[in-house]
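Got a predicted structure plus its sequence, pasted below:
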Amino acid sequence: MLIILYLFLMGISAGLIGAVIGIGGGIIIVPFLTLALKVPIYIAIGTSIISVLVTSLAASRLFLKKNITNIALGLTLEIPTAAGGIIGSVAVAYLKNKVLFIIFGCFTVSIGIFTYLKNTYLKNKNLQVNTVATKKTNINDLPKISKSSIFDSEYYDEASGKSYKYKVKNVIYGSIASLFAGLSSGLLGIGGGVIKVPAMNILMNIPIKVATATSNYMIGITAVVSAIIYFYNGYINLYITIPVAAGVLLRATAGSFTAGKLKSRYIVVIILIIFIAIGVLMFLRAFNIISF
């Protein structure tokens, strides 16, 4: 019974950290299960995928209600994302534990460094997308811009009180990034948003809020595809998955007010240290230098 409580609390913590840095909690779930509880990494990744799925369902519902999600773009990018997810999910069965630990360690360290740079050196860079804004929220009153594709759209930003139209660019580049995002999701059990959101924002000229909303929408679909394969291979343990997913879901539905308060330069530094530490531990575990 105590272990269920541990798993539930770990799910809450993973959801909290995921909200703070803007990615899924899988980056915390997999190391905790494998290093602290000695859960086989295949089972840990399967648990993470289910947690990512429930988080996506909770988050995307709100974004869809506010009409922020670009559904047409999301469904298009989901094709290469799902393909990558299938490849990653199938490949897991053929990779040794050591290889998975090394890949996860490299990815964790990379995410830590990227998060630090994004919130320090890149924070003040001009990454504004090409949008047209107006204080009026009626779509018919929005200024006209040339529409080059079915993906060009608009959304209302509550923070600024303005509506924005944006033009989507470089769909091919976005598709390539989505393929790698799906691959990382299926292979490591993470959401893939850490790849898709920056790619959509920087490469495709999509506002960050729309990119986040669309990424959440896609993550759920990718997770379903990956979860089916993991379940078929016997990598889903419900006794572990249910309490972890419940904890993550609780954090996802509790709102993002905590994330807004915790985001600061000092927290980012702490996250950098934690992620590098996790990466090092995963490397050490890969070579059986530590076993806990």
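Yep, it's here.

need the helix or strand of this protein with the lowest average pLDDT.
Lowest mean confidence among the helices and strands of the chain (mean pLDDT, DSSP states H and E): helix 257-262, at a mean of 48.

count of neighbours near Lys65?
Residues lying near Lys65 (other C-beta atoms under 10 Å) number 9. Just so you know, the C-beta spots here come from the backbone N, C-alpha and C atoms, and that holds for glycine as well.

Ile236 in helix, strand or coil?
Here Ile236 is recorded as coil under DSSP: H, G, I helix; E, B strand; the rest coil.

residues contacting it?
Applying C-beta atoms under 8 Å, 6 or more residues apart in numbering, we find Ile236 in contact with 43, 46-47, 50, 227, 230.

again, 7 Å this time
Contacts for Ile236 (C-beta atoms under 7 Å, 6 or more residues apart in numbering) come out as 46, 50, 230.

With Ile219 instead?
52, 56, 191-193.

and the gap between Thr47 and Leu16?
Using C-beta to C-beta, to the nearest Å, Thr47 is found at 17 Å from Leu16.

Tally up the residues packed near the nearest residue to Gly247 once chain neighbours are set aside, please.
Closest residue to Gly247 apart from its sequence neighbours, by C-beta to C-beta, 6 or more residues apart in numbering: Gly11 at 2.2 Å. Other residues near Gly11 come to 30 when the count uses other C-beta under 10 Å.

Need the pLDDT of Gly11.
Note for Gly11: predicted pLDDT of 88.

can you check Lys196 too?
89.

can you tell me which residues contact it?
Counting by C-beta under 7 Å, 6+ apart, Lys196 makes contact with 177-178, 181, 215, 218.

cool, and Gly105?
Shown in contact with Gly105 (C-beta under 7 Å, 6+ apart): 279, 282-283, 286.

swap the cut-off to 8 Å and go again
So Gly105 contacts 278-283, 286 (C-beta under 8 Å, 6+ apart).

likewise Met282?
Met282 neighbours (C-beta under 8 Å, 6+ apart): 31, 34-35, 101-102, 104-105, 108.

Could you export those as CSV, including secondary structure, distance to Leu249 and pLDDT?
CSV is the format used below for the contacts of Met282 (DSSP: H, G, I helix; E, B strand; the rest coil; distance: C-beta to C-beta, whole Å; pLDDT from 0 to 100):
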residue, secondary structure, distance to Leu249, pLDDT
Pro31, helix, 20, 90
Thr34, helix, 22, 92
Leu35, helix, 23, 89
Phe101, helix, 27, 94
Ile102, helix, 31, 94
Phe104, helix, 23, 92
Gly105, helix, 27, 92
Thr108, helix, 23, 86
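
still on that earlier bit, which among the contacts of Ile236 gets closest to Ile271?
Lowest distance from Ile271 to those (C-beta to C-beta) belongs to Ile50, with 24.0 Å.

mind listing what the closest one touches?
Ile50 touches 223, 227, 236, 241, 244-245, counting by C-beta under 8 Å, 6+ apart.

Just the ones in helices from these, please.
Here DSSP state H is the test, and the contacts of Ile50 give 223, 227, 241, 244-245 as lying in helices.

ok, those vs Lys118, which is closest?
Nearest to Lys118, judged by C-beta to C-beta, of the ones in helices among the contacts of Ile50 is Ala223 at 23.9 Å.

Go ahead and confirm that closest one touches Gly182.
No - using C-beta atoms under 8 Å, Ala223 makes no contact with Gly182, being 10.2 Å away.

In terms of neighbours, single out the busier of these two.
More crowded of Ala223 and Gly182, by other C-beta under 10 Å: Gly182, with 32 against 29.

mind listing the helices for the stretch 51-200 of the chain?
In the stretch 51-200 of the chain, helices defined by DSSP state H, counting those that start in this stretch lie at 71-92, 97-119, 171-188, 193-198, listed in chain order.

what's the offset of the shortest one from the middle of its chain?
Distance, stretch centre to chain centre, for helix 193-198: 7 Å (C-alpha atoms, centre = their mean, to the nearest Å).
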